[in-house]
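>>> Fold the following and give me the result.
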Amino acid sequence: QVVVGGAGSGAGTLNLVASEIDFGKFVSLDTSSASRVIYGFGNVNLVASTQIVSAGNSSLFVYQAPSTAAGAVFGQSGTGGNLTLSTPLLTGVQKSVMAYAAGGVLNVVTPAGLAPSTASSTVSGAEIDLSGDSVAIASTILLPSGKLVVNATNDITLNAGSRLDLSGQPSMIQRATVYGFGGTVILSSAQGSVTQAAGAVVDVSAINANAGSITVNAGNGGVSFGGAVNGTATAGYTSGGFSVTAGTLTDFAGLNATLNQGGFFDSRSFDIKTGDLVIGDGVKAHNVTVSVDGGSLTVAGTIDASGATPGTIRLSAINGLTLASTAVLDAHGTVLQVDSYRQPIEARNRGHIELTATRGRLVLAGGATIDLSTLDGVAYGEINLNASRTGETSGDININASGPLNIRGAQSLAVNGFWTYAPTDAYGT
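Modelled structure (predicted):
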């Protein structure tokens, strides 16, 4: 007889405890892969007092029971089962790709009595993928110039003390110093939220190389960053990029202040699924995209996309887009881009600004500024205004620009009117 919650019920716990836990070993030019699966436990705890490290191409799946769904692959699918990686340091050797997956909760924590590792490394190019119903991280994940992918059905939480370090590090090859680029962090929640607590750090910076990027996807939940991010790069190299898709975005201004402090000035993309958004000052990146899919967008301050070359600003909203009289869209170039004959290169001196109101009105209030200028005073810039027509066959467009505007450096200004058609029957015709 199987006792409820006892042996054979699948509700037990498996503990693997060691100083170091290794998954695989590094073999140059080895392209084989290893897949591991643990069935029959409610909780699996891997406890390593120094580190958990992966090598090669491998995976670990933890499920309480195999899946009975049609098409499910035994050893790669199942239901239930929590996985806890308890270690001060989760990392991988060069070229390794390691996937940790659980049917339930996946936790990366520090063992009791220990602190998250502060170690650095010159071993670069590893990837770790974490998947679970929910994922929480409260330790150090060290992947210089690497890639971290976190996928959860529900919430992803970066707790206080967590350090996701994918920064580029210098290393020596014979007598030459090689500088690594910043890595890539992707956090995706299908139905929940992504939260970074105060005291948590995400680092994709680089020295003498391009910084990396952070991508956050939580279209059905909220996104909140209360800790620190680092996307700095040495002058002359590209700084970090940040992209977020969120059902709701907590403190848009505060997030941009965090990005400014962390040096994310190459690109910023915000796709907000619900609610209205008002942008004041503080948005600064060479490529800025803001999309409000469930409300209106108002710009009342400065969006700064200026730089050595002119930048790009793309704004769109489903229920109307307004540039207030205090709005400044700044995409001007500070260094004239020339060819070997010192003649201006038209394409490299061209900034882009695109404004789209899908259903509501596009309002350009008097006094608003759009700056696409360059140092030689020649107009190269491009402006595109997109708005719906007032009627299917009308000759009018939902744009209000009745007051004087400050437009600098625009070579072309296109006004595009559109009308949306919907299927009239079940067949989509």
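
>>> Which parts of the stretch 151-300 of the chain are helices?
252-262 (DSSP state H, counting those that start in this stretch).

>>> Below-threshold pLDDT in the protein: ranges please.
1-9, 29, 429 (pLDDT under 70).

>>> From the centroid of the protein, which residue is nearest?
Thr215 (1.0 Å; CA atoms, centre = their mean).

>>> For that residue, name its beta-bridge partners.
Beta-bridge partners for Thr215, by DSSP bridges, are Ile186, Ser243.

>>> and what of Asn45?
The partner residues for Asn45, given DSSP bridges, come to Asn15, Thr84.

>>> Surely it touches Asn15?
Yes - judged on CB atoms under 8 Å, Asn45 makes contact with Asn15 at a distance of 4.8 Å. For every residue, glycine as well, the C-beta is placed using N, CA and C.

>>> Compare the two (neighbour count), which wins?
Set side by side, Asn45 and Asn15 show more neighbours around Asn45, with 18 against 12, by other CB atoms under 10 Å.

>>> Check which helix or strand Asp425 maps to.
Assessed by DSSP states H and E, Asp425 sits outside every helix and strand.

>>> For the remainder of this discussion, apply numbering that starts at 471.
Done: numbering now begins at 471, and the last item shifts to Asp895.

>>> Next one: it from Glu862, what distance?
According to CB to CB, to the nearest Å, Asp895 and Glu862 sit 19 Å apart.

>>> just Thr549 next, same as before
The value you get for Thr549 to Glu862, if CB to CB is used, is 51 Å.

>>> which one of these two has more residues nearby?
Per other CB under 10 Å, whichever of Thr549 and Glu862 has more neighbours is Thr549, with 16 against 8.

>>> Run through the residues that contact the more buried one.
533-535, 537, 573 (CB atoms under 8 Å, 6 or more residues apart in numbering).

>>> which of those sit farthest apart?
Greatest spatial distance among the contacts of Thr549 (CB to CB): Gln534 and Ser537, at 10.6 Å.

>>> and for the two, which residues touch both?
548-549.

>>> Comparing those two, which shows the higher neighbour count?
Of the pair Gln534 and Ser537, Gln534 is the one with more neighbours under other CB under 10 Å, namely 23 against 15.

>>> Was I right to think that one contacts Gly551?
Yes - between Gln534 and Gly551 there is a contact under CB under 8 Å: 4.0 Å.

>>> Mind listing the shared neighbours of those two?
Common neighbours of Gln534 and Gly551 (CB under 8 Å, 6+ apart) are 509, 511-512, 573-574.

>>> Quick one, which of these are buried?
Buried members of the shared contacts of Gln534 and Gly551, scored by 16 or more other CB atoms under 10 Å, are 509, 511-512, 573-574.

>>> returning to what we had before: out of the shared contacts of Gln534 and Gly551, list just those in helices.
With DSSP state H as the criterion, helices contain none of the shared contacts of Gln534 and Gly551.

>>> Which of those sits closest to Phe695?
Using CB to CB, the shared contacts of Gln534 and Gly551 come closest to Phe695 at Gly574, 25.9 Å.

>>> Quick check: phi and psi on that closest one?
Torsion angles at Gly574 (phi, psi; degrees, to the nearest 10) stand at phi -110, psi -130.

>>> before we move on, could you check phi and psi at the spatially closest residue to it that is not a sequence neighbour?
Residue nearest to Gly574 in three dimensions, not counting chain neighbours: Asn552, with 4.1 Å by CB to CB, 6 or more residues apart in numbering. Here is the backbone geometry of Asn552 (degrees, to the nearest 10): phi -100, psi 140.

>>> Check whether Asn552 really touches Leu576, as I assumed.
Yes - the pair Asn552 / Leu576 is scored as a contact, 7.4 Å apart, by CB under 8 Å.

>>> so where do the strands sit in the stretch 721-870 of the chain?
Secondary structure of the stretch 721-870 of the chain (DSSP state E, counting those that start in this stretch): strands located at 737-742, 747-749, 753-754, 757-762, 767-769, 772-774, 782-787, 791-793, 798-800, 822-827, 832-834, 839-841, 851-858, 869-870.

>>> So which of those strands is the most surrounded?
For the strands of the stretch 721-870 of the chain, the largest average neighbour count (mean count of other CB atoms under 10 Å) is found in strand 791-793, namely a mean of 25.

>>> Pull up the pairing partners for that one, direction included.
Partners of strand 791-793, by DSSP bridges, with direction: strand 767-769 (parallel), strand 832-834 (parallel).

>>> So which residues make contact with that strand?
Residues outside strand 791-793 that contact it (CB under 8 Å, 6+ apart): 766-769, 785, 799, 825-827, 830, 832-835, 838.
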